[in-house]
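J.: I would like to see how this sequence folds:
(chains A and B)
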Amino acid sequence: MKKIVTVLLFASGLFTLPLQAADLRWSGFGSIVLGKTIDDEPLPGGANSTYKPDAAAPNVDSAYYDNNWSMKPDTLFGIQVDVDLNDKLSLTSQLVSKGANNYDTEIEWLYAGYELSPKLVVNFGKQRLPLYNYSDFQDVGFAYHWTRPPLEVYGEELSSYEGVSSLYVDSFGDWDYDAQVYWGNSTTDGTPLGDVNLKDLCGAVLTFTNEELKYRLSAHRAEVWTDGDTGLATLVDEDSPSKAEFYSGGVFYDTGEWLVGSEVTYMDAGLIQADTDGGTFVSRKTWMVTAAYRINDFLPHITLSKREIELAKDGTESFLTPTLGAALAAIASEPLDGAKQISQTINLGVRWDFHPQAALKLDYIRRADKSDDVIVDGAGKTLNVDVLSVGMDFIF
Amino acid sequence: MKNFIECKLFCLMFLFSMLLASNSSVAGIVIISHPDNNVTLSKKEVQRIFLGKLKTFPGKGPVIPIDLSQDSSHRIEFSKDILKKNMRQVSAYWTRLIFTGKGLPPKQVDSTEELKKLVARNPDAIGYIDKGSLDDTVRVAFED
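T.: Numbers count the residues shown, from 1 in each chain, chains lettered A, B, ... in the order given. Model (predicted):
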């Protein structure tokens, strides 16, 4: 009897405790976007070029815009719950359902945060990979001016990792800064290269802000290998992983009326081939420049961006997905030594803030394929495409 | 002639009231703390506290900033003068922090009176009110 009472007390404690002790908050965001290709490129095989706006989405039809109107590629809904367990310890979880992924719901964030001091927080769990300036809130369209950040730069397929990170926030003089370091592992299944694994993924991000001005620098490294059914496993397997490095820098100036920004990235996939030739590697250079000017509730903007992927000795165009660590040059079929796959995009758009928690966006993208002949001769200019989209972003 | 003088007087009064009005909207806001909290803050510190970048009083314990609601004219003025942001920038700033779990905006109240009461009760709290609403339940921690 005593035991039952204890159990009952314990159970009631379990049920009432969270309501009393934990401070729980729900918030959410979403985008509903309709789009299509306006000018697509006829390709040698009889197909037409398409556009996948979210690099992290799986390679399925619903992730691509083609010449029929579609609401799936950019449409998403996310919900977040934050729980303060006590003054120091908190839990954050974010679930996102993407049309590009046929509305499958995935956990984008799931971590416990512990405040070691008022200036230093440590987080454990699944977190966004902070490769770019807009990475952390890339799914939250309401937080920036485009329908989606420029794909030439924001082209990395990997978007999260499981591990530990720390964030230090402080200031000197008129400048505020924060320093983030992280370490973890990451796996992305079902890419054209098979399952891409990253081990000992680590990096640092440094941000300086002074009211209107912001500087951001980041560096990352990882050991990469692939497995799965693509036949790549023998080239970059777990025993001979490739060492990849990624760097980015950004400057942003926001007066409330003018917004001007630029971001530059460089990746060295450093692929060390265990096979015959050796020394195969791939690098990727990207940049973007954006400008926006506010006229009351309207924010017209223009963005130029470019991506240049350099292939080494062996590589094949059809596998040119810009994955960090990119095992992409590992497949030997055509000699592409030094060949470059180049794409550049101009994005014209306008954001209309018709409500404090919702904005309408219209974006027109013109993407040009400037790749070397050796790449486009066979497959055609697969990257040539114009895309129009109209959508609404909201938060609550 | 009398009419002319009246008219002039009226114009002067009108101009004077305009001057008062513009004065009160430019320099009317003060940062307040509990009477027992003898802290003196700089403009930059107030900015950092209300943007969640500084979580303690300089060299002291935790600070709890209290905001007014988004449509309050004091809030708009405070954001412009102290935070150097318009309300859209403020909203974007917090959206970015909320959805990465990095921070939450200060608690909001609907009126200056409510804010003053909260600050008068809690030595850790600070807020902003118009100078005209000052009384001895609170003290000034920063004035622009």
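J.: for the rest of this, base every contact and every neighbour count on C-alpha atoms.
T.: OK.
J.: phi first, then psi, for whichever residue of chain A sits closest to chain B.
T.: Proximity of chain A to chain B (Cα to the nearest Cα) peaks at residue A:143, 5.4 Å away. Main-chain dihedrals, residue A:143, degrees, to the nearest 10: phi -80, psi 0.
J.: that one contacts residue B:92, correct?
T.: Yes - contact criterion Cα atoms under 8 Å: residue A:143 and residue B:92 qualify, at 5.4 Å.
J.: the two: which has the busier surroundings?
T.: Taking other Cα atoms under 10 Å in any protein chain shown, residue A:143 and residue B:92 do not tie; residue A:143 has more neighbours (24 against 15).
J.: against residue B:89, how distant is the more buried one?
T.: Noted for residue A:143: a distance of 10 Å to residue B:89, by Cα to Cα, to the nearest Å.
J.: next one: residue A:379
T.: 45 Å.
J.: so how far is stretch A:219-227 from its chain's centroid?
T.: Relative to the chain's own centre, stretch A:219-227 is displaced by 16 Å; criterion: Cα atoms, centre = their mean, to the nearest Å.
J.: now for whichever residue of chain B sits closest to chain A: which residues touch it?
T.: Relative to chain A, the nearest point of chain B is residue B:92 (5.4 Å; Cα to the nearest Cα). By Cα atoms under 8 Å, 6 or more residues apart in numbering or on different chains, the residues touching residue B:92 are A:142, A:143, A:144.
J.: can I get those residues in TSV with distance to residue B:127 and pLDDT?
T.: Putting these into TSV (distance: Cα to Cα, whole Å; pLDDT from 0 to 100) gives the following:
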residue	distance to residue B:127	pLDDT
A:142	28	97
A:143	27	96
A:144	29	97
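J.: just to revisit the earlier point, residue A:379 and residue B:89 - which one has more neighbours?
T.: More neighbours surround residue B:89 than the other of residue A:379 and residue B:89, with 18 against 13 (other Cα under 10 Å).
J.: would the more buried one count as being in a strand?
T.: No - going by DSSP: H, G, I helix; E, B strand; the rest coil, the assignment for residue B:89 is helix, not a strand.
J.: could you look up the SS state of the residue lying closest to it once chain neighbours are set aside?
T.: Nearest residue to residue B:89, sequence neighbours excluded (Cα to Cα, 6 or more residues apart in numbering or on different chains): residue A:256, at 6.4 Å. Residue A:256 falls in the coil class when you classify it by three-state DSSP.
J.: you'd agree residue A:256 is up against residue A:294?
T.: Yes - if you go by Cα under 8 Å, residue A:256 and residue A:294 touch, sitting 7.5 Å apart.
J.: can you count the residues close to residue A:116?
T.: 13.
J.: could you report the separation of it from residue A:371?
T.: Separation of residue A:116 from residue A:371 (Cα to Cα): 50 Å.
J.: ok, now residue A:152?
T.: As judged by Cα to Cα, residue A:152 and residue A:371 stand 14 Å apart.
J.: need the overlap of contacts for those two.
T.: Common neighbours of residue A:152 and residue A:371 (criterion: Cα under 8 Å, 6+ apart): residue A:343.
J.: how about the closest residue to residue A:63 other than its chain neighbours, secondary structure?
T.: Once flanking residues are discounted, residue A:63 sits nearest to residue A:100: 4.0 Å by Cα to Cα, 6+ apart. At residue A:100 the chain is in helix, as set by three-state DSSP.
J.: cool, residue B:45 as well?
T.: Criterion first, three-state DSSP; result for residue B:45: helix.
J.: do I have it right that it meets residue B:55?
T.: No - if you go by Cα under 8 Å, residue B:45 and residue B:55 don't touch, sitting 10.1 Å apart.
J.: so what's residue A:28 up against?
T.: By Cα under 8 Å, 6+ apart, residue A:28 lies in contact with A:77, A:78, A:79, A:80, A:395, A:396.
J.: partner strands of whichever helix or strand the fourth one is part of, parallel or antiparallel?
T.: Translated: residue A:80. Under the criterion of DSSP states H and E, residue A:80 resides in strand A:76-84. Strand A:76-84 sits in its sheet next to strand A:23-40 (antiparallel), strand A:89-98 (antiparallel), going by DSSP bridges.
J.: if we can go back for a sec, who's in contact with the residue nearest to residue B:89?
T.: With Cα under 8 Å, 6+ apart, residue A:256 has these contacts: A:294, B:85, B:86, B:88, B:89.
J.: count of residues packed around residue 36?
T.: Just so you know, I chose chain A. When neighbours are counted by other Cα under 10 Å, residue A:36 registers 22.
J.: not quite, I wanted chain B
T.: 12.
J.: so what does the closest residue to it other than its chain neighbours look like in phi/psi?
T.: Spatially, and ignoring its direct neighbours in sequence, residue B:36 is nearest to residue B:123 (6.6 Å; Cα to Cα, 6+ apart). Per-residue torsions, residue B:123: phi -60, psi -20 (degrees, to the nearest 10).
J.: which residues touch residue B:123?
T.: By Cα under 8 Å, 6+ apart, the neighbours of residue B:123 are B:33, B:34, B:35, B:36, B:37.
J.: just the helices in the chain please.
T.: In the absence of a named chain, this looks at chain A. Listed in chain order, the helices of chain A (DSSP state H) span A:2-21, A:373-379.
J.: I was after chain B.
T.: In chain B, the segments counted as helices under DSSP H are B:2-26, B:43-50, B:73-78, B:87-98, B:112-121.
J.: residue A:204 contacts residue A:178, correct?
T.: No - with contact defined as Cα under 8 Å, residue A:204 does not reach residue A:178; the gap is 10.5 Å.
J.: what residues does chain A have near chain B?
T.: Within chain A, the positions near chain B by Cα under 8 Å from any Cα of the partner chain are A:80, A:82, A:92, A:118-119, A:136-137, A:140, A:142-144, A:169-170, A:174, A:176, A:211, A:255-256, A:356.
J.: and if we set it to 6 Å?
T.: A:118, A:143 (Cα under 6 Å from any Cα of the partner chain).
J.: run a quick neighbour tally on the residue found closest to residue A:223 once you drop the neighbours it is linked to in the chain.
T.: Spatial nearest neighbour of residue A:223, excluding adjacent residues (Cα to Cα, 6+ apart): residue A:243 at 4.6 Å. Neighbour count for residue A:243, taken as other Cα under 10 Å: 19.
J.: is it true that residue A:243 touches residue A:225?
T.: No - Residue A:243 is not in contact with residue A:225 according to Cα atoms under 6 Å; the separation is 9.1 Å.
J.: what is in contact with those two at once?
T.: Taking Cα atoms under 6 Å, 6 or more residues apart in numbering or on different chains as the criterion, residue A:243 and residue A:225 do not both touch any residue.
J.: what about residue B:73, how many neighbours?
T.: Using other Cα under 10 Å, the number of residues around residue B:73 comes to 12.
J.: swap in residue A:209?
T.: Look at residue A:209: counted by other Cα under 10 Å, it has 18 neighbours.
J.: next: residue A:25.
T.: Neighbours of residue A:25 under the rule other Cα under 10 Å: 11.
J.: the stretch 51-200 of chain A: strands as residue ranges?
T.: Ranges of strands in the stretch 51-200 of chain A, per DSSP state E, counting those that start in this stretch, are A:76-84, A:89-98, A:104-117, A:120-128, A:160-172, A:175-191, A:194-210.
J.: do you know how far residue A:43 is from residue A:50?
T.: 10 Å.
J.: quick revisit: and the strands of the stretch 51-200 of chain A: which comes nearest residue A:289?
T.: Nearest to residue A:289 among those is strand A:194-210 (18.6 Å), distances taken as Cα to Cα.
J.: by contact count, what packs against that closest one?
T.: Packing partners of strand A:194-210 (3 or more Cα pairs under 6 Å, 6 or more residues apart in numbering or on different chains; DSSP states H and E): strand A:175-191, strand A:213-227.
J.: deepest of the ones you listed, which one?
T.: strand A:213-227 (a mean of 22; mean count of other Cα atoms under 10 Å in any protein chain shown).
J.: in its sheet, which strands sit next to that strand, and in what direction?
T.: According to DSSP bridges, strand A:213-227 forms sheet pairs with strand A:194-210 (antiparallel), strand A:242-254 (antiparallel).
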